[in-house]
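**Q** Prediction below, plus the sequence it came from.
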Amino acid sequence: MADETGPDTRCGFVALIGAPNAGKSTLINALVGSKVTIVSRKVQTTRALIRGIAIDGSSQLIFVDTPGIFTPRRRLDRAMVTTAWSGAHDADLAGVMIDARKGLDEEAEAILDKLGEVSAAKVLILNKIDLVPKETLLALTTAANAKSAFEATFMLSALTGDGVADLKAWLAARVPPGPWLYPADQMSDAPLRQLAAEITREKLFERLHQELPYHSTVETDQWKELRGGAVRIEQTIYVERESQRKIVLGKGGATIKAIGEAARRDIAEIVENKVHLFLFVKVREGWGEDPERYRAMGLEFPKE
Ligand SMILES: Nc1nc2c(ncn2[C@@H]2O[C@H](COP(=O)(O)OP(=O)(O)OP(=O)(O)O)[C@@H](O)[C@H]2O)c(=O)[nH]1
Ligand SMILES: [Mg+2]
């Protein structure tokens, strides 16, 4: 076991930024070795800053998962993008992730163009190398490094784990000397009830199509430990319209049942105990304009 207070300890914040769907959350889970942040095939999955904590030798690495950076339209989009950049500004190091299959598309270029404003040291992370030939990686490395000053470039697959340990070891040596900020066994700073709400949201993203996931949010209303260690959880899924509520419920309640079952299984794995999960679906018109919902998500409410 590493020593938390020894003379050689290091500790630092590493924010991952990049376009939606680049694989930031997948990489953070791989670095931490446990699910601390949710992942989906859809864009704009992560909404707030989520911390995942990992140890490598005598270093503690606090990874900050951020929402994908894109051109915002709705108020929620603006809150997410502002939050993503603030994550990079506040970190010791910023990992700038590019989906190697997409390369330097418009979204990636726009992010590279704004990196000058980030004073943290930057590393380039080319993800999804399992999907592209080596030659494209070299060309991509050259092009991206010509646009911004990176201390190092890593090519990896967050999905297969290929190259992840190299990045982790490099970051462990690079973060500043100092005492650890979290106990050695802590993997996240998010309360379990928040992670549980995120997991249910992940299942919504997996099961519902088109725009609906972007118009819904999940909150944990009750978390009660029962005798014997089982947990009783009540959550509310907020949607914006009655028609959306019907879709979430599904025929005869089939959709909500499947979502609840999948979420219950994942949450039980995390709390390492039996979970009774009760889901409610409520229509809250214009929740995307309600400051209280933003606070619940851990986001600042943008003025416009
Ligand atoms: N093939 C492949 N797929 C990957 C890799 N990393 C992530 N993915 C997939 O890419 C999709 C998006 O992954 P996420 O981790 O949710 O991406 P993100 O950057 O956090 O997305 P936002 O939160 O929306 O900004 C998921 O379907 C992942 O399974 C990889 O290395 N290879
Ligand atoms: Mg994410």
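**A** Everything's here; your move. Numbering: from 1, shown residues only. Ligands and ions are numbered 1, 2, ... in the order given.

**Q** what stretches of the stretch 201-304 of the chain score poorly on pLDDT?
**A** Along the stretch 201-304 of the chain, no part satisfies pLDDT under 70.

**Q** got the residue ranges for the strands in it?
**A** Under the criterion DSSP state E, counting those that start in this stretch, the stretch 201-304 of the chain contains strands at 217-225, 231-239, 275-283.

**Q** Test my guess that L167 contacts S157.
**A** No: using Cβ atoms under 8 Å, L167 is not in contact with S157; the gap is 11.2 Å. From N, CA and C alone the C-beta is placed, and that goes for glycine too.

**Q** quick revisit: just so I know, which of the strands of the stretch 201-304 of the chain lies nearest ligand 2?
**A** Evaluated over the strands of the stretch 201-304 of the chain, closeness to ligand 2 peaks at strand 217-225, with 15.4 Å, by Cβ to the ion.

**Q** Partner strands of that closest one, with direction?
**A** Strand 217-225 sits in its sheet next to strand 231-239 (antiparallel), going by DSSP bridges.

**Q** Just the C-alpha atoms of the partner strand, please, in PDB.
**A** This file holds the C-alpha atoms of strand 231-239, laid out as PDB (Å, rounded to 0.1, in the frame of the first residue of the first chain):
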ATOM      1  CA  VAL A 231     -30.700   0.100   0.400                       C
ATOM      2  CA  ARG A 232     -34.000   1.600  -0.500                       C
ATOM      3  CA  ILE A 233     -33.700   4.300  -3.100                       C
ATOM      4  CA  GLU A 234     -36.300   6.600  -4.600                       C
ATOM      5  CA  GLN A 235     -35.500   8.600  -7.700                       C
ATOM      6  CA  THR A 236     -37.500  11.000  -9.900                       C
ATOM      7  CA  ILE A 237     -37.000  11.200 -13.600                       C
ATOM      8  CA  TYR A 238     -38.000  14.700 -14.700                       C
ATOM      9  CA  VAL A 239     -39.200  15.200 -18.300                       C
END
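
**Q** For that strand, which residues meet the burial criterion?
**A** Residues of strand 231-239 classed as buried by neighbour count (16 or more other Cβ atoms under 10 Å): 231, 233, 235-239.

**Q** Next, format the strands of the stretch 201-304 of the chain as a markdown table and append distance to I69.
**A** Formatted as a markdown table, the strands of the stretch 201-304 of the chain follow (distance: least, Cβ to Cβ, whole Å):
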| stretch | distance to I69 |
| --- | --- |
| strand 217-225 | 20 |
| strand 231-239 | 25 |
| strand 275-283 | 31 |
